[in-house]
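Colleague: model this:
(2 chains)
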Amino acid sequence: MSISTSFPAEIATSSTLNHWPEWFRKDQQEAWEIFQSLRQPKRTDEPWRFANLKAIDLSDFHAAVPVQDAASLITRSSAHTSLAAKLIFANEVLIHNDQAGLPAGVLLLPLEEAAKNHEELFRKSFMTSEVRLGSKKFAALHRAHLRSGAFVYVPQGVVIEKPIEIWHWVEGENTTIFPHTLIVLGEGASATVIDHFVSSREERSLAIAVNDLTLGTNAKLHYVGVQDWSDKATAFHINTTEVEKQAVSTALQMNLGGAYIRGESDSHLLGEESRSVMLSINPASGTREIDQRTFQDHFAPRATSDLLYHNALADSSRTIFAGLIKVEEAAHETDAYQKVRNLMLSDEAEANSMPGLEILADNVRCTHGATSGELNEDELFYMMARGIPPKQAAQLIVRGFFGTVLERLENEDLQAHLGEILDRKLNLNV
Amino acid sequence: MTTETKPDIDIDRSVGDFRYEMDYAFDAGIGLNEATIDYISDVKGDPDWVREFRKEGYRKFLEKPMPTHWATKDLENIVFENIRYYLSQGQVPKRTWDEVPDDIKKTFERLGIPEQERKFLAGVEAQFDSEAAYSNIKAAVGEQGVIFVGSTEGLKEHPEIFKKWFGKVIPSGDNKFSALNSAVFSGGSFIYVPPGVKVKHPLQAYFRINAQNFGQFERTLIIADEGAELTYMEGCTAPKFETATLHSAVVELVAMKGAKIQYITVQNWSSNVFNLVTKRGIAHEDAEVKWIDCNIGSRLTMKYPGVVMKGKGARGEVVSIALAGDGQHQDTGAKMIHAADNTTSNIISKSISLGSGRSTYRGMVHVPKHLKGCKNNTECDALLINSHSRTDTYPAISVRGQGNAVQHEASVSQISAEQIFYMQQRGLSEAAAMSLAVNGFVNDLVQQFPMEYSVELKRLIDLEMEGSVG
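Modeller: Model (predicted):
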């Protein structure tokens, strides 16, 4: 049975497999009805302009079954060496849970447990904002099918120095998973969370992933999504970030894999002097399509947002960037910045950019820019003159191009760690 | 400026806001159906192919939805059945002002058209509602083989050139309003400049709406043959009515190899006019099409002049100034379609929003596959004067392949309090300081207009700014 035509059996029948509380199961039934009532996106829908609508036909995908060899996936889930905690999900089942390094008071739980035991906290931050960048229908499907996910709560004043790592594995041809990461930081709390999205084999799969990031007053979050699905995968990554007074959110999405990736990042600057940094690194090759829509929505005065997306397009890859900065009437003295850069590495590649501004307040400073260009011949020549083969020289330039995005992370350890991941992906010797 | 200022702005339309009663000899009535189109075709004596073209346009107009999925909902306030689609005193324009009927002549005299013609223009066409009342070209220019006539005369007298390009740059089904224009078009200019002829002085068209609930649908086709050069200017005014008026023109430009066309618009419609215009040019090898566009008037303007760079080395440029005052929405922009190697395009747009005004920039830059050496530069700057003002920017840029350079930049800012303070310290009133700052913001673009226009523009901006600070 296709994922988009059947409501999951265990939710419908309240079987013992399901650990969600009753009220959430009702929510899921509702979400399923919403999913069915909404039509597929059309070409004339502004949030789907330039999009490849053939890629979002979900009729072939089916629900996940537990993986056969969990142990090997646990072995393969190694990236950072010094962590505060690690959760590993495989086909939506939690297979590993190590949280020895977490300070007291921090909650790191499977979502269904949080819903049961911390209902108020969960309800306050779980998918509370409208999905408004186009994927409302798919977010409803996510909600209807959701089986598990990670819940991170850092109470007031608690600072976690080391990163929390969460792995989401998918396995099986045409399997669908619904990864979810929900992060709530209390007043003055601080954390770093890295989501890894990976395929166990080179298979076709579907992931509809959601993350909700909620930052209380003065909180500080580094969030990184390392998307490295198989080259045959279809994935949606839907983000909502809510930033309260003087809090700082820095979120980086790295898209290293996938055949079709749709990313939606929606930042709400709710408090005065809040700040949201939105970053993305997109090496696109083969026939990969990366379709990203972003929103920097300023509600409060003196907030800042800063978006920097870098796309390097090889072969016949394709990217879409549609970003909007909106300054609501009350948001005076807003400082908003948005920049997308496309590095064209092939004659077959295609980059579409739609940077947008809607300004309803005065006394603001908003700029946006979009550029498309090619490799700098002088730089290439310089490296080749020093004996670096042309292909590797090009890779080094691409690496440098992405490096300027990594530098925006105010965490050197994280910069170095992600730099290594990037080097491996670009086949650079380190 | 965080201080709440109560804007008390009204565009100065003392120049255009007057109206003389008219008895029209030809009137297609109110509303639009096939009979309206037949009436227009009969009155104008259209050849069969034009009648068929109009009907085809009408069918497409009915088929096409309102583009409200991306455009403003204000479009829904246009009531097509309440509009009068054709009004005229006669179809043949006069060659001298003496022959123009007095009631029409006094309108244009009051607008200063005959005077400007004597001073610096190579030719003038003056359109009053649906038809040109006057059309003349200086003898010296006519002798060089330059054709400057109305669209009706163009299609009848010069079908061999007219038919070749008419509706080719902008097909009638391009959008709902180009389809409407194709159905009911009347007036506008047809210009042909022979190879190598460089027309030294500008040709000018002046568009005047006089009747209430009227729709003006002029159609302009300009062809500059190989190596020819031409500057064309258009101006427009209407009296201020209580009810909405529709202006929906289609302008097609064709610049053959090495030709240059500069098209200048100063739009100062009254604030009840829906100004929905489709403008596009084709630039062949090494040709240049430049749109200089200034929008000050109208209730809603939607206008995105475009250039299709079809030949190698072709160049397209759009320079745009928009001023959105209380109750106005200036939705303007540019389209640059690169279709050959080494083509370059440049878009510079500056907008000012004041009071409850809203200005929007929409742009499209398209570089298809396998092209080399294409360059685009886009700069959009917006200035917000009051806290109720609004500005939006929605560009779309598609680039395929390497070897091209495209850059887009936009910024939004306000006049800094320091600047105003500095000027006030030197004895300027706040309003004068504001006006000076706004003029400074658009100054580099205003320079690109011909002298007479830039003086006029500065004056308009000054008037517009008056009373905008409390």
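
Colleague: Tell me which stretches of the stretch 101-250 of chain B form helices.
Modeller: B:102-111, B:113-120, B:139-143, B:151-157, B:159-165, B:176-184 (DSSP state H, counting those that start in this stretch).

Colleague: Let me see the domain layout of chain A.
Modeller: As recorded under automatic domain parsing, the domains making up chain A are A:9-374, A:378-430.

Colleague: Burial-wise, tell me which of those comes out on top.
Modeller: domain A:9-374 (a mean of 20; mean count of other C-beta atoms under 10 Å in any protein chain shown). C-beta coordinates here come from the backbone N, C-alpha and C atoms, glycine included.

Colleague: Lowest mean pLDDT across the domains of chain A, which one is that?
Modeller: When those are compared by mean pLDDT, domain A:378-430 comes last with a mean of 91.

Colleague: How far off centre is it?
Modeller: Distance, stretch centre to chain centre, for domain A:378-430: 22 Å (C-alpha atoms, centre = their mean, to the nearest Å).

Colleague: is it anywhere near chain B?
Modeller: No - Domain A:378-430 does not reach chain B (C-beta under 8 Å from any C-beta of the partner chain); its nearest approach is 11.1 Å.

Colleague: What separation do you get for B:Asp286 and B:His366?
Modeller: To B:His366, B:Asp286 is 20 Å away according to C-beta to C-beta, to the nearest Å.

Colleague: repeat for B:Ala340
Modeller: 12 Å.

Colleague: picking up where we left off before, just send the domains of chain A back as TSV, with distance to B:Ala244 too.
Modeller: As requested, the domains of chain A are exported to TSV (distance: least, C-beta to C-beta, whole Å):
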stretch	distance to B:Ala244
domain A:9-374	25
domain A:378-430	49
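
Colleague: Would you mind saying which of those lies nearest B:Asp392?
Modeller: For the domains of chain A, the distance to B:Asp392 is smallest for domain A:9-374, at 4.6 Å, taking C-beta to C-beta.

Colleague: is the closest one up against chain B anywhere?
Modeller: Yes - using C-beta under 8 Å from any C-beta, we find that domain A:9-374 touches chain B at A:44-46, A:49-50, A:329, A:332, A:342, A:344-374.

Colleague: Of the domains of chain A, which is nearest B:Lys200?
Modeller: domain A:9-374 (39.6 Å).

Colleague: Tell me how far that closest one lies from the chain's centre.
Modeller: Remark: domain A:9-374 is offset 3 Å from the chain centroid, using C-alpha atoms, centre = their mean.

Colleague: Next: stretch B:278-298.
Modeller: The chain centroid and the centroid of stretch B:278-298 are separated by 9 Å under C-alpha atoms, centre = their mean.

Colleague: Can you check the distance spanned by it, start to finish?
Modeller: 16 Å (C-alpha to C-alpha, to the nearest Å).

Colleague: If you count neighbours, what's buried in it?
Modeller: Buried positions in stretch B:278-298, judged by neighbour count with 16 or more other C-beta atoms under 10 Å in any protein chain shown: B:278-298.

Colleague: Just name whatever secondary elements the helix or strand hosting B:Asp42 is in contact with.
Modeller: Using DSSP states H and E, B:Asp42 maps to helix B:34-44. Here helix B:34-44 touches helix B:48-63, helix B:176-184, going by 3 or more C-beta pairs under 8 Å, 6 or more residues apart in numbering or on different chains; DSSP states H and E.

Colleague: closest to B:Val406 out of those helices?
Modeller: The closest of the helices and strands packed on helix B:34-44 to B:Val406 is helix B:176-184. By C-beta to C-beta, the value is 26.9 Å.

Colleague: re the thing from before, of the domains of chain A, give the one that comes closest to B:Val79.
Modeller: Going by C-beta to C-beta, the one of the domains of chain A nearest B:Val79 is domain A:9-374, 24.4 Å.

Colleague: Would you mind listing where the stretch 351-470 of chain B has pLDDT under the threshold?
Modeller: The model of the stretch 351-470 of chain B has pLDDT under 70 over residues B:452, B:463-470.

Colleague: can you give me the strands in it?
Modeller: B:358-367, B:375-384, B:390-400, B:405-414 (DSSP state E, counting those that start in this stretch).

Colleague: give me the beta-bridge partners of the residue nearest to B:Glu409 when sequence neighbours are not counted?
Modeller: The spatial neighbour of B:Glu409 that comes closest, neighbours along the chain excluded (C-beta to C-beta, 6 or more residues apart in numbering or on different chains), is A:Gly369 at 4.6 Å. Beta-bridge partners of A:Gly369, counted by DSSP bridges, are A:Lys339, B:Glu409.

Colleague: Provide a list of residues in contact with A:Gly369.
Modeller: For A:Gly369, the contact set (C-beta atoms under 8 Å, 6 or more residues apart in numbering or on different chains) comprises A:338-340, A:355, B:407-410.

Colleague: repeat that for 10 Å
Modeller: A:Gly369 sits next to A:337-341, A:353, A:355, B:378-379, B:407-411 when contact means C-beta atoms under 10 Å, 6 or more residues apart in numbering or on different chains.

Colleague: re earlier: mind checking which of the helices and strands packed on helix B:34-44 is nearest chain A?
Modeller: When these are compared by C-beta to the nearest C-beta, helix B:176-184 sits nearest chain A, at 13.5 Å.

Colleague: out of the strands of the stretch 351-470 of chain B, nearest to A:His96?
Modeller: Set against A:His96 and scored by C-beta to C-beta, those come closest in strand B:390-400, at 43.8 Å.

Colleague: contacting residues for the residue lying closest to B:Ile415 once chain neighbours are set aside?
Modeller: Distances taken as C-beta to C-beta, 6+ apart put B:Ala437 closest to B:Ile415, at 4.6 Å, once the chain neighbours are dropped. Applying C-beta under 10 Å, 6+ apart to B:Ala437 gives the contacts B:383, B:385, B:414-416, B:419-420, B:422-423, B:465.
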